[in-house]
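**Q** 3D, please:
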Amino acid sequence: MESFDTSRCGWVGTEPIYLAYHDTEWGVPERDSRALWEKLVLDGFQAGLSWITILKKRDNFRAAFAGFDPEVIATWGEADVQRLLGDAGIIRHRGKIEATIGNARAWLEIEGKQGFDRFLWDYVDGEALQPRYGAQSEVPPATPLSERISKDLKKAGFRFVGPTIVYAFMEACGLVNDHLVGCDCHDRCAALKAG
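**A** Sure, this is the predicted structure:
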């Protein structure tokens with residue numbers, strides 16, 4: 001998807017990195033298991049912070065977390081936690097770092113059984129949900145579906161995957177198209193809803 005300069009969702013702001021993220025990535029259906037896992041990890045790190053903070057540090061996160069390779073991260077221990085706690089380029093939060101290591105192990109389990117992509121997309125029968133919100137105030141912070149996915153992820157061993165984090169992740173990965181109907185991205189993402 002190409003960037004553009006017309007109607008956008010109101011949450012975007014004016015920073016070029018945020019505009020590009022909104023215009024080309026947010027809400028586009030993601031079907032790659034590893035990319036989905038990376039986005040879930042980053043949404044977990046975002047808890048309590050603004051998304052722009054994470055977006056600006058995303059390349060640092062990728063470097064610090066071995067390109068978000070779950071097979072590598074799943075082998076990490078306390079020495080790696082300490083290394084990451086000393087990395088000023090990322091969010092240095094012990095609980096979130098330890099959760100990422102545990103989440104890599106949980107991801108490997110799901111990926112081995114059915115594929116993490118299929119695990120997630122099965123919740124929406126393989127096709128992005130298409131609400132038609134006209135105002136940001138209509139968009140919920142969580143839904144019964146994000147609560148269900150959150151519970152299932154926690155049961156599978158994931159942490160930092162509460163219903164609000166999961167809903168933000170669903171929006172980011174295009175499992176739900178929450179671009180407002182007045183946003184030029186809404187119809188473009190809607191056209192990509194099926195894989």
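
**Q** which residues does the residue lying closest to residue 160 once chain neighbours are set aside contact?
**A** Distances taken as C-beta to C-beta, 6 or more residues apart in numbering put residue 44 closest to residue 160, at 3.4 Å, once the chain neighbours are dropped. In short, each C-beta sits where N, CA and C put it, glycine included. Residue 44 makes contact with 96, 99-100, 103, 159-161, 165, according to C-beta atoms under 8 Å, 6 or more residues apart in numbering.

**Q** just residue 164 next, same as before
**A** For residue 164, the contact set (C-beta under 8 Å, 6+ apart) comprises 141-142, 146.

**Q** what pLDDT, on average, does the host helix or strand of it get?
**A** Per DSSP states H and E: residue 164 is located in helix 163-172. Averaged across helix 163-172, the pLDDT comes to 97.

**Q** Following the chain onward from it, which element is next?
**A** Counting by DSSP H and E, the next helix or strand C-terminal to helix 163-172 is helix 184-190.

**Q** Report the buried residues of that next one.
**A** Burial within helix 184-190, assessed by neighbour count using 16 or more other C-beta atoms under 10 Å, is assigned to 185-186, 188-190.

**Q** Repeat that for stretch 76-86.
**A** Neighbour counts over stretch 76-86 (16+ other C-beta under 10 Å) mark 76, 80, 84 as buried.

**Q** Which other helices and strands does the host helix or strand of residue 98 contact?
**A** According to DSSP H and E, residue 98 maps onto helix 94-113. Counting contacts by 3 or more C-beta pairs under 8 Å, 6 or more residues apart in numbering; DSSP states H and E, helix 94-113 packs against helix 33-46, helix 70-73, helix 78-85, helix 116-121.
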